[in-house]
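Q: Return atomic coordinates for the entry below.
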Amino acid sequence: MKPRVAVVLKRSSWRKWVEEERDARIMELIEADDETVRRMRPGHADHSETIDETRRALEDLGAEATWFDRPHSFQVPAGERCDLVVTVGGDGTLLAASHGIGSGVPLLGINSAPSHSVGFFCAARKGGVREALASALTGALPRRELARMRVELNGRGLHDRVLNEALFCHASPAATSRYILRIVQPGAGGRVEEEEEQRSSGVWVGPPAGSTAAQRSAGGRVLPLSSQKLQYVVREPYLRNGGLSLRMTLGLVEEDRALVMKSKMRQARVFLDGDHIMHEVTVGDVVTMRRSDEPLAVLGLTRNGERSAKRRGA
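A: Here you go, the predicted model:
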């Protein structure tokens, strides 16, 4: 039986802004060889070559591939067998595609432009695609289950597959975020274990997979990928002159606990895994974040998040 593979492709900036939109400003800058767009063309060339490399590898390995080029709307086809999801792009492509993948399907990331992209979650890269795909299809690549986060608004589920982080803040980045922050034990009838009223620039909350990104930049800890805890990091907490320091500016949420934020803002937002998924929040609304029951299986990651494949190929 042929393995069935779903391949999710990044749409490069060159493709979107030059080939599709014919953006006049972008094309003017490219013509002038401006430094802000100088990497766009070579990045697109690398990406296109990696797509071709992936296509040849899958054909050579006898896989039945279905191709998608809209990562943010990707879903594993319902009712169809899917043995592997492959993303070709960078961490952003993998992150977007992960929202359409449940807990039973493994994911392999291919960094299509390694000179332009970090590719932290990508076990393969341009030049070593066939080796990585062969190992993935035979089960030779290690499989790591990454915890994801569930986000609720007033008890209604918004998302069960947040991999990196959520940002809760005022609708305007120049305005102060006002809220009540709580650690709650859901199994005890919602018993509050810690509570603090705060003013800040907002709160980052996320599972361990996102702890090297925004959480770390805001002063958080890098958590082991095997952890099941969430981390919250308050951005630029406001401290009154002569007042007591805030207690809950950085902390971990145990897997059987939830982080609850009650909004004191009329216009607030919660952003999930970047800026593509946003929900409006108003005064009195309650945003709850807890560990999801849907982990993500990523191939090729070691305990510390390093790629396990050989450096020459992946």
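Q: Now do the longest helix along the chain: everything it contacts.
A: In the chain, taking DSSP state H as the definition, the longest helix is helix 40-60. Contacts with helix 40-60, where a contact means CB atoms under 8 Å, 6 or more residues apart in numbering, come from 5, 7, 9-10, 12-15, 17-18, 26, 30, 65, 86, 88-89, 110, 112-117, 126-127, 129-130, 133-134. For glycine as for every other residue, the C-beta is placed from the backbone atoms N, C-alpha and C.
Q: Quick check: pLDDT value at residue 246.
A: Looking at residue 246, its pLDDT is 89.
Q: Pull the number of nearby residues for it.
A: Residues near residue 246, counting by other CB atoms under 10 Å, number 17.
Q: same check, this time on residue 20
A: When counting by other CB under 10 Å, one arrives at 10 neighbours for residue 20.
Q: And for residue 198?
A: 20.
Q: which SSE is it in?
A: Assessed by DSSP states H and E, residue 198 sits inside strand 191-200.
Q: how deep is residue 12 tucked in, by neighbour count?
A: The burial count for residue 12: 23, using other CB under 10 Å.
Q: mind listing what it touches?
A: Taking CB under 8 Å, 6+ apart, one finds 40, 43-44, 47-48 in contact with residue 12.
Q: For PyMOL, what selects the buried ones among these?
A: Restricted to buried positions by 16 or more other CB atoms under 10 Å, the PyMOL selection for the contacts of residue 12 reads:
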select buried, resi 40+43+44+47
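Q: Take the contacts of residue 12 and lay them out in CSV including distance to residue 283 and pLDDT.
A: Converted to CSV, the contacts of residue 12 look like this (distance: CB to CB, whole Å; pLDDT from 0 to 100):
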residue, distance to residue 283, pLDDT
40, 43, 94
43, 44, 94
44, 45, 95
47, 44, 96
48, 49, 96
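Q: Out of the contacts of residue 12, the closest to residue 176 would be?
A: Taking CB to CB as the measure, residue 176 lies nearest residue 40 of those, at 37.1 Å.
Q: measure that closest one to residue 32 for me?
A: With distances taken as CB to CB, to the nearest Å, residue 40 is found 13 Å from residue 32.
Q: same thing with residue 216?
A: 36 Å.
Q: again with residue 258
A: Distance from residue 258 to residue 32, by CB to CB: 52 Å.
Q: who's more crowded, the two?
A: Between residue 258 and residue 32, counting by other CB under 10 Å, residue 258 is the more crowded of the two (20 against 10).
Q: can I assume the more buried one is in contact with residue 286?
A: No. If you go by CB atoms under 8 Å, residue 258 and residue 286 don't touch, sitting 10.6 Å apart.
Q: list the buried ones in the host helix or strand of residue 131?
A: Per DSSP H and E: residue 131 is located in helix 129-138. Using 16+ other CB under 10 Å as the test for burial, helix 129-138 gives 129-133, 135-137.
Q: Same question for stretch 108-119.
A: Residues of stretch 108-119 classed as buried: 108-114, 116-117, 119 (neighbour count, 16+ other CB under 10 Å).
Q: For it, the averaged confidence score.
A: Mean pLDDT, computed over stretch 108-119, is 90.
Q: Then stretch 142-156?
A: 97.
Q: what's the span of that stretch, first residue to last?
A: 35 Å (CA to CA, to the nearest Å).
Q: the helices in the stretch 101-250 of the chain, which residues?
A: Under the criterion DSSP state H, counting those that start in this stretch, helices of the stretch 101-250 of the chain are mapped to 129-138, 214-217.
Q: packing partners for the first one?
A: Going back to what we said before, that points to helix 129-138. Contact here means 3 or more CB pairs under 8 Å, 6 or more residues apart in numbering; DSSP states H and E; on that basis helix 129-138 packs against helix 40-60, strand 84-89, strand 106-111, strand 124-125.
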